[in-house]
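Peer 1: build the 3D model from these lines:
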Amino acid sequence: MATRKRSITRSFAQLFLWATGWQVTGTKPTARRFVLIAAPHTSNWDLAYLLAFAQVFDVKVSWMGKHTLFRGPMGWVMRKLGGISVRRDRSNDLVIQLAEVINQSDSMALTVPAEGTRGYTPYWKSGFYHIAVKAGVPIVMSYLDWPRKCGGFGPELLPSGRVRDDMDEVRAFYAGKQGRFPSRAGEIRLKEEM
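Peer 2: Numbers count the residues shown, from 1 in each chain. All right, here's what the predicted structure looks like:
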């Protein structure tokens, strides 16, 4: 029954992508546990497309969203779609908590929108990097390139702890890829690099 349900969901995702003119690129990640960068993140539609690409690749993603998305009846839907409610207005060792969640799972793709918002920000939030380091798992780069209408999964990067070197690889991968609203995308860099 579960296999049939996955097949139906995958077919629906493929139909959604085809009907909206999107192409699937990249390959399925080989790691069982990883942190998934979701970038560029400039539109509310990014989540829908990320979930569709994940279904096509048969990757069950978990994603972080601000706690307000999980209120009322939509909260159940968001959790069913893999959502993990987080409070960005409180300092509560989120990196450590999420690294533990990854390490306690047999299989997990923890999705982090590195920009942290759909609006412009001068640098990426470094949580994705620190979660991967703390959990000892690779970072997988996923993307949506709106002008070309293609998206999928890119390479895996096991963080070395040399932030600038690792981010140079991330920048090289995302070079030329644009979000739906390019003016909302900031430079790909972490505060630690400044």
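Peer 1: list of residues touching the longest helix seen in the chain?
Peer 2: For the chain, the helix reaching the highest residue count under DSSP state H is reported as helix 2-19. Under the criterion Cβ atoms under 8 Å, 6 or more residues apart in numbering, residues 23-24, 48-49, 51-56, 58 lie in contact with helix 2-19. Yep, even glycine has a C-beta here, placed from its N, CA and C like the rest.
Peer 1: residue contacts, Tyr129?
Peer 2: Under the criterion of Cβ under 8 Å, 6+ apart, the neighbours of Tyr129 are 139, 159, 163, 166-167, 190.
Peer 1: in ChimeraX, how would I select the buried members of these?
Peer 2: The buried subset of the contacts of Tyr129, as determined by 16 or more other Cβ atoms under 10 Å, is captured in ChimeraX by this line:
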select :139,159,163,166,167,190
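Peer 1: now the element after the longest helix of the chain, going C-ward?
Peer 2: Remark: after helix 2-19, the chain's next helix or strand is strand 23-26, criterion DSSP states H and E.
Peer 1: parallel or antiparallel, list what pairs with the very next helix or strand once past that next one.
Peer 2: For strand 23-26, the following helix or strand on the C-terminal side (DSSP H and E) is strand 33-39. Strands that pair with strand 33-39, judged by DSSP bridges, come out as strand 108-112 (parallel), strand 139-145 (parallel).
Peer 1: for those strands, which one ends up most surrounded?
Peer 2: The densest packing among the strands paired with strand 33-39, expressed as mean neighbour count by mean count of other Cβ atoms under 10 Å, is seen in strand 108-112 with a mean of 25.
Peer 1: for that strand, what is the average pLDDT?
Peer 2: For strand 108-112, the mean pLDDT works out to 92.
Peer 1: off-centre distance for it?
Peer 2: 6 Å (Cα atoms, centre = their mean, to the nearest Å).
Peer 1: on that earlier part again, which of the contacts of helix 2-19 fall in helices?
Peer 2: 48-49, 51-56.
Peer 1: quick one: Lys177 is in a strand?
Peer 2: No. Inclusion of Lys177 in a strand is not indicated when DSSP: H, G, I helix; E, B strand; the rest coil is applied; the result is coil.
Peer 1: and it, its phi and psi?
Peer 2: Per-residue torsions, Lys177: phi -90, psi 130 (degrees, to the nearest 10).
Peer 1: Glu192 against Ser126, yeah?
Peer 2: Yes. When contacts are counted by Cβ atoms under 8 Å, Glu192 is listed as touching Ser126 (6.0 Å).
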